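Visitor: Any chance you can model this:
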Amino acid sequence: MKKVLKTTIAKILQWEAKMLLNKYHPKIIGVTGSVGKTSTKDAIYRVLSAGGFSVRKSEKSYNGDIGIPLTILGCQSAWNDPFGWLEIMIYGLRQLFGTRAYPKWLVLEVGLEYPGEIKDILKWVKFDVAVTTLLPEVPVHMEFFKSKDEVINEKMLLPKSVPLDGFVLLNADDGNALKFVLDIKAEIFTYGQNDSADYRSSLGETFYEIKNGQELPAGLSFKLYHNGKELEVKIPGVIGSHQIYPVLAALSVGDKLGLNMVEMVDSLASYLPPPGRLRLIEGIKGTVILDDTYNASPAAMSAGLTALESFKNEGRKIAVMGDMMQLGGMTVEAHKKIGYQAAEICDLAITVGLRSKFIDEAMLEKKFSEKKIKHFDDSVEAGQFLQSKIKAGDVIFVKGSQSVRMEKVVEEIMFHPELKEKLLVRQDAEWKKR
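Guide: The predicted structure is shown next:
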């Protein structure tokens, strides 16, 4: 019954959203990929809105058969409240028959959980611009697909759908996306660190600040190269070279739409990626937390560990790693690969969840000390354990899939827990009930 109700709601919202698009004809930018979609969507929104565009973006990670219609309608999810969904449907009808201002541009995140989802979305949403993020060798949401190629093929339906008068932005460092160049009708531009990229960045560096007598990481800087020009870009509050990609994609889109590059760079000076996307958070006892708790895939987990490794800190490097879900037959191999990497980087490893025991196994295979690995079934217990173990100068990387609720680890060790609703993921009432 619940599934039938969800399907019915989705169909009604899709019809209303389609009618609304037919009424207002906004230009639509679609962001798809397996890693970095939400950060890229938010960065694009930031530069366009700062540049004077009338623009709306997907809320949080609204990227599926219900999330995309909600964005088009300008509504929040009603979760399990049937009367809330009824109100949303009535609001949608009012927009169809009323007259009110509507954004000229939409920035939509397009995700994929089951076969055919993007194909169905493309039947009623027509995209003018497509941006692809990373399509790694082990994609997210593999459990319903026969192979990684099946996932990649469906995600690339989005850029293939863009008409001749639009444009497509591909990640120049992603061979999986570049294989589709000949299948894309629209003009193609590339971004990345590859020398051939139209919009190229340097590798990026962490910049530091002195706080309470300690030199602590404060953000990320990199250089942007385009059309023979070089620009310095600084992003406070984030870390990890892979965080360059969302910003670089946003600057590329803005440039193609006629915005001034220097002004866009200035607008990003106070940009922060969404909560839980490798953001720097002040921890207790003079520590720094790398909060990457939104979700986890093998590629993103690996990138986070690489960011941890790059730190110049006086204390230890601690990794708190939860289960990575929806990997199907690749579950064991993917977790063990992360364990091998962590063994080369960490001074202390905390794992959470049933699947993360494969991380433990791999670390032990690499002769990592058993005394420096601690496993928990519950994220709160892991956070409480850390409270008594961390010391000044430590950097703590925290990541895991949504269902493991790794933000609860961060909540236990953050210096300002009173700011958790602003800084952490999954702080709304529905999530707190779970």
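Visitor: Could you pull out the buried residues of stretch 158-175?
Guide: For stretch 158-175, the neighbour count (16 or more other CB atoms under 10 Å) marks 158-159, 161-162, 166-174 as buried. All C-beta spots, glycine's among them, are computed from the backbone N, C-alpha and C.
Visitor: Next: stretch 365-375.
Guide: Across stretch 365-375, burial judged by 16+ other CB under 10 Å covers 368, 373-374.
Visitor: start to end distance for that stretch?
Guide: Stretch 365-375 has an end-to-end distance of 16 Å (CA to CA, to the nearest Å).
Visitor: Contacts for it next, please.
Guide: 339-340, 342-344, 346-352, 356-357, 360, 363-364, 382, 385 (CB atoms under 8 Å, 6 or more residues apart in numbering).
Visitor: So which of those are in helices?
Guide: When DSSP state H defines the helices, the subset of those inside them is 339-340, 342-343, 357, 360, 363-364, 382, 385.
Visitor: Which among the residues you listed count as buried?
Guide: For these, buried by 16+ other CB under 10 Å: 339, 342-343, 360, 363, 382, 385.
Visitor: quick one: which of the residues you listed is nearest Asn194?
Guide: Ala342 (27.8 Å; CB to CB).
Visitor: Now do that closest one, the pLDDT please.
Guide: Ala342 carries a pLDDT value of 98.
Visitor: Tell me the one of the buried residues of stretch 365-375 nearest Ser310?
Guide: Phe368 (19.8 Å).
Visitor: Give me the subset of the buried residues of stretch 365-375 that lies in strands.
Guide: Here DSSP state E is the test, and the buried residues of stretch 365-375 give 373-374 as lying in strands.
Visitor: okay, the buried residues of stretch 365-375 in a markdown table with distance to Cys75 and pLDDT next?
Guide: Output for the buried residues of stretch 365-375, formatted as a markdown table (distance: CB to CB, whole Å; pLDDT from 0 to 100):
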| residue | distance to Cys75 | pLDDT |
| --- | --- | --- |
| Phe368 | 48 | 97 |
| Ile373 | 45 | 98 |
| Lys374 | 43 | 98 |
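Visitor: Can I get the buried residues of stretch 365-375 in TSV including distance to Lys432?
Guide: As requested, these are exported to TSV (distance: CB to CB, whole Å):
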residue	distance to Lys432
Phe368	35
Ile373	30
Lys374	26
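Visitor: among the helices and strands of this structure, which has the poorest mean pLDDT?
Guide: Using mean pLDDT, DSSP states H and E, helix 429-432 stands out as the lowest-scoring helix or strand of the chain, at a mean of 78.
Visitor: out of the buried residues of stretch 158-175, who's nearest Ser252?
Guide: Leu169 (5.6 Å).
Visitor: Could you find the closest non-adjacent residue to the closest one?
Guide: Among residues not flanking Leu169 along the chain, Val131 sits closest, at 4.5 Å (CB to CB, 6 or more residues apart in numbering).
Visitor: Quick check: which helices or strands does the host helix or strand of that neighbour pack against?
Guide: For Val131, the element it lies in under DSSP states H and E is strand 129-132. On a contact count with 3 or more CB pairs under 8 Å, 6 or more residues apart in numbering; DSSP states H and E, strand 129-132 meets strand 27-32, helix 157-161, strand 167-171, helix 244-256.
Visitor: For the least confident helix or strand of the chain, name the packing helices and strands.
Guide: With contacts defined as 3+ CB pairs under 8 Å, 6+ apart, helix 429-432 has no helix or strand neighbours.
Visitor: Now it: buried residues?
Guide: Of the residues in helix 429-432, none is buried (16+ other CB under 10 Å).
Visitor: what is the mean pLDDT for the helix or strand harbouring Ala177?
Guide: Assigned by DSSP H and E, Ala177 belongs to helix 175-178. Helix 175-178 shows a mean pLDDT of 94.
Visitor: Residues touching the next helix-or-strand element following that helix, excluding its own?
Guide: With elements assigned by DSSP H and E, the helix or strand that comes after helix 175-178 is strand 187-192. For strand 187-192, the external contacting residues (CB under 8 Å, 6+ apart) are 164, 166-174, 178, 181, 196-201, 245, 248-249, 252, 256.
Visitor: And stretch 299-309, by the same measure?
Guide: 34-36, 134, 136-138, 239-242, 278, 290, 292, 317, 319, 321, 324, 337-338, 341-342, 344-346, 395, 397, 399.
Visitor: What strand or helix carries Thr99?
Guide: Counting by DSSP H and E, Thr99 is part of no helix or strand.
Visitor: So for it, what's the pLDDT?
Guide: 81.
Visitor: same thing with the one 10 residues further on?
Guide: Per-residue confidence (pLDDT) for Glu109: 96.
Visitor: doesn't Asn63 make contact with it?
Guide: Yes. Assessed by CB atoms under 8 Å, Glu109 is found in contact with Asn63 at 4.0 Å.
Visitor: more neighbours, these two?
Guide: Neighbours per residue (other CB atoms under 10 Å) separate Glu109 from Asn63, with Glu109 holding more: 27 against 24.
Visitor: Look up the residues forming beta bridges with Phe397.
Guide: Leu290, Ala319 (DSSP bridges).
Visitor: any idea which of the buried ones among the ones in helices among the contacts of stretch 365-375 is closest to Gly67?
Guide: For these, the nearest to Gly67 is Ala382 (30.0 Å; CB to CB).
Visitor: picking up where we left off before, pull the distance from the strand holding Val131 to the chain's centre.
Guide: 15 Å (CA atoms, centre = their mean, to the nearest Å).
Visitor: Brilliant, that's me finished.
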